[in-house]
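Student: how does the following fold in three dimensions:
(one chain, ligands or ions: 3)
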Amino acid sequence: MQLPEDGLELRERDVLALDVRVKGTLLPNLYFVEEDGRRILQRLPTSTHSSDTPGATTVYFPLSEIRNEDNIPLNPGALREVQIVFEWADMEGVLEIEAVRFLTSWEEVIDTPLRAEEIVAPAGFVVEPIAADILSVTQFQVVAEDTLLVSQQNGRIWWYRDLDGDGFYESRQLYASGFDEVVGLLYDPIDGAVWVGGRGNLWRTLDEDGNGVADLIELRVEGMAWGRHQNNGLIWNPVADPFTGEPPYTWIYFGLGSTGDLEEGDELNATILRFHRNGHGKEALEIVANGVRNAYGLLWAPVLHDGETHWSLFAGENGPDFNAAPDEVNHIRWGLHYGFPEHFGMVDPQNEGDPYSSPVLEVTAHASANSLAYVTNSAWPEEYRTLYVSLFGSVFSAEPVKPAVDRIILTTIDAPDGLTFRGEATLFLDNLSRPLPIATDHNGDLLVGDYGSGVIYRVRYLE
Ligand SMILES: [Ca+2]
Ligand SMILES: [Ca+2]
Ligand SMILES: [Ca+2]
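Tutor: Ligands and ions are numbered 1, 2, ... in the order given. So this is what the prediction gives:
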């Protein structure tokens, strides 16, 4: 398929859509050909649709994801031809191409599974799937009553929309794509920007013309050291900053993990960091706390103590993969050191804060304690209005550790290193595949993103 001589004025954020109908077993290759003759190979993924289904299937190629074997991106303005080539394999069948379109926006209807019978929750709680088709979901955020912002590990960021207000998401639109990996995602309620983190970089993106697709992609921090872990889970100070008093949405807090299993990396690794919304570059990063191996999820939570709200920063922590040290949930206080790589788990009470501080609780080794949410919903029984943590389950260890969401009951203590909490965990959700991001929605109910099944579940209490 030849494009016009002078191109189509395509941009990186445009998407090639092919409406195809396949019979038989075909594995054709797709080539993007630039004006200088450079060809970039892509697999045309028809095999999953190789039945005799009557309707055409639409296959999407975001141009931002098209890279050659040296990872050099396609230059959309130089695209002159798209080729489908049958080569290198025995194939038999028919491929019909009904339409070739370049879209400025990839929007589609998605089906949501109706039931989540396999998920086990305490009596009175109902678990429902509300959004689907998000395999390897890494983060999500409730942006409005009918809108979720969702990221996939493969670098795609979506708006999920509940168009009819029934609480289930049946439509999605690609907001941005082409990031090597996304493990941090944050919507800015002040200016509508979306912050994106992964592989040592932090971007600020913006949809300037309001069509739902990012136009501005600005690299704000480049080249944080990463390896085994990255810069994860971005959150704002939701109220006047509890550490330093600036207005809400001034600071972005996140964890930068260690580069190795037991090696920290450089001075910014294995820390909790924060970054001012107007900051530029690594120089603008402030270290909040040290000795946290990999905090995937952070949370500011309004914990009640003696009738007063204490906004407290919590962080999950992945413990080492190749020793028996526990995972942790930590209460992050300014300037403290949480032990990695010297000390793991609880500290002797007489040595608290000198030099290391205890976690809120130790979590089963290799459970992969990741994201946190805090429920205040008055519709939930009082003993369930507390902190929750997602446990991804073991990845490397010989001893399998089950994926789950645990509830953590907090007790306030006055420790030598300050007012803090101790926690006791009990199983809350069982039989999930790989729970990763969790959050509360506008009603205060709990949402759980399952990396393994690509489903977001809502947990409500119905008595
Ligand atoms: Ca709906
Ligand atoms: Ca736009
Ligand atoms: Ca620790």
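Student: can we go C-alpha only for contacts and neighbour counts from here?
Tutor: OK.
Student: so the residue sitting nearest the centre point of the chain is in which element?
Tutor: With distances taken as CA atoms, centre = their mean, the residue of the chain nearest its centroid is residue 139 (2.1 Å). Taking DSSP states H and E as the definition, residue 139 sits inside strand 137-144.
Student: chain center to that strand, what's the gap?
Tutor: Taking CA atoms, centre = their mean, to the nearest Å, the mean C-alpha location of strand 137-144 is offset from the chain mean by 7 Å.
Student: following element in sequence after that strand, please.
Tutor: Elements were assigned by DSSP H and E; along the chain past strand 137-144, the next helix or strand is strand 147-152.
Student: list the buried residues for that following strand?
Tutor: Of all the residues in strand 147-152, those buried under the rule 16 or more other CA atoms under 10 Å are 147-152.
Student: go on, stretch 315-329?
Tutor: 315-321, 325-329.
Student: is residue 272 located within a strand, as I assumed?
Tutor: Yes: checked against DSSP: H, G, I helix; E, B strand; the rest coil, residue 272 lies within a strand.
Student: which residues touch it?
Tutor: Each residue near residue 272 by CA atoms under 8 Å, 6 or more residues apart in numbering is listed here: 253-256, 287-290, 292, 295.
Student: repeat for residue 338
Tutor: So residue 338 contacts 289-292, 330, 356-359 (CA under 8 Å, 6+ apart).
Student: export those to JSON lines and append columns for distance to ligand 3 and neighbour count.
Tutor: Output for these, formatted as JSON lines (distance: CA to the ion, whole Å; neighbours: other CA atoms under 10 Å):
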{"residue": "289", "distance to ligand 3": "11", "neighbour count": "19"}
{"residue": "290", "distance to ligand 3": "10", "neighbour count": "23"}
{"residue": "291", "distance to ligand 3": "7", "neighbour count": "23"}
{"residue": "292", "distance to ligand 3": "6", "neighbour count": "29"}
{"residue": "330", "distance to ligand 3": "7", "neighbour count": "26"}
{"residue": "356", "distance to ligand 3": "8", "neighbour count": "23"}
{"residue": "357", "distance to ligand 3": "7", "neighbour count": "29"}
{"residue": "358", "distance to ligand 3": "6", "neighbour count": "29"}
{"residue": "359", "distance to ligand 3": "6", "neighbour count": "27"}
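Student: and of the residues you listed, the nearest to residue 97?
Tutor: Distances from residue 97 to the contacts of residue 338, taken as CA to CA, are shortest for residue 292 (52.3 Å).
Student: so which helix or strand takes in the closest one?
Tutor: With DSSP H and E as the test, residue 292 turns up in no helix or strand.
Student: what of the one 3 residues further on?
Tutor: Here residue 295 sits in a region with no helix or strand, counting by DSSP H and E.
Student: the one 5 residues further on too?
Tutor: Element membership of residue 300 [criterion: DSSP H and E] is strand 298-305.
Student: which other residues reach that strand?
Tutor: 233-235, 237-238, 253-255, 309-316, 371-374, 412.
Student: strands paired with that strand, and their directions?
Tutor: Sheet pairing of strand 298-305 (DSSP bridges) gives strand 308-317 (antiparallel).
Student: how about the residues of the protein by ligand 1?
Tutor: Counting by CA under 5 Å from the ion, the residues of the chain close to ligand 1 are 162, 164, 166, 168-169.
Student: JSON lines for those, including secondary structure?
Tutor: Formatted as JSON lines, the residues of the chain next to ligand 1 follow (three-state DSSP):
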{"residue": "162", "secondary structure": "coil"}
{"residue": "164", "secondary structure": "coil"}
{"residue": "166", "secondary structure": "coil"}
{"residue": "168", "secondary structure": "coil"}
{"residue": "169", "secondary structure": "coil"}
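Student: restricted to buried residues, select those residues in ChimeraX.
Tutor: Selecting only the buried entries of the residues of the chain next to ligand 1 in ChimeraX, with 16+ other CA under 10 Å as the criterion:
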select :162,168,169
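Student: and which of the residues of the chain next to ligand 1 is nearest ligand 2?
Tutor: residue 162 (20.3 Å; CA to the ion).
Student: mind checking how far the residue nearest to residue 310 when sequence neighbours are not counted is from residue 71?
Tutor: Closest residue to residue 310 apart from its sequence neighbours, by CA to CA, 6 or more residues apart in numbering: residue 303 at 5.1 Å. Distance, residue 303 to residue 71, using CA to CA, to the nearest Å: 46 Å.
Student: those two: which is more packed in?
Tutor: Legend: neighbour count by other CA atoms under 10 Å for residue 303 and residue 71, higher for residue 303 (21 against 9).
Student: where does that one land on pLDDT?
Tutor: pLDDT, residue 303: 96.
Student: output the below-cut-off pLDDT ranges for this protein.
Tutor: The model of the chain has pLDDT under 70 over residues 46-54, 88-89.
Student: the host helix or strand of residue 17: what's the following helix or strand?
Tutor: Here residue 17 sits within strand 15-25, counting by DSSP H and E. Note on strand 15-25: by DSSP H and E, the next helix or strand toward the C-terminus is strand 29-34.
Student: could you check the following helix or strand past that next one and say which residues are buried?
Tutor: Using DSSP H and E, the next helix or strand after strand 29-34 towards the C-terminus is strand 39-43. Going by neighbour count (16+ other CA under 10 Å), the buried part of strand 39-43 is 39-42.
Student: brilliant, that's me finished.
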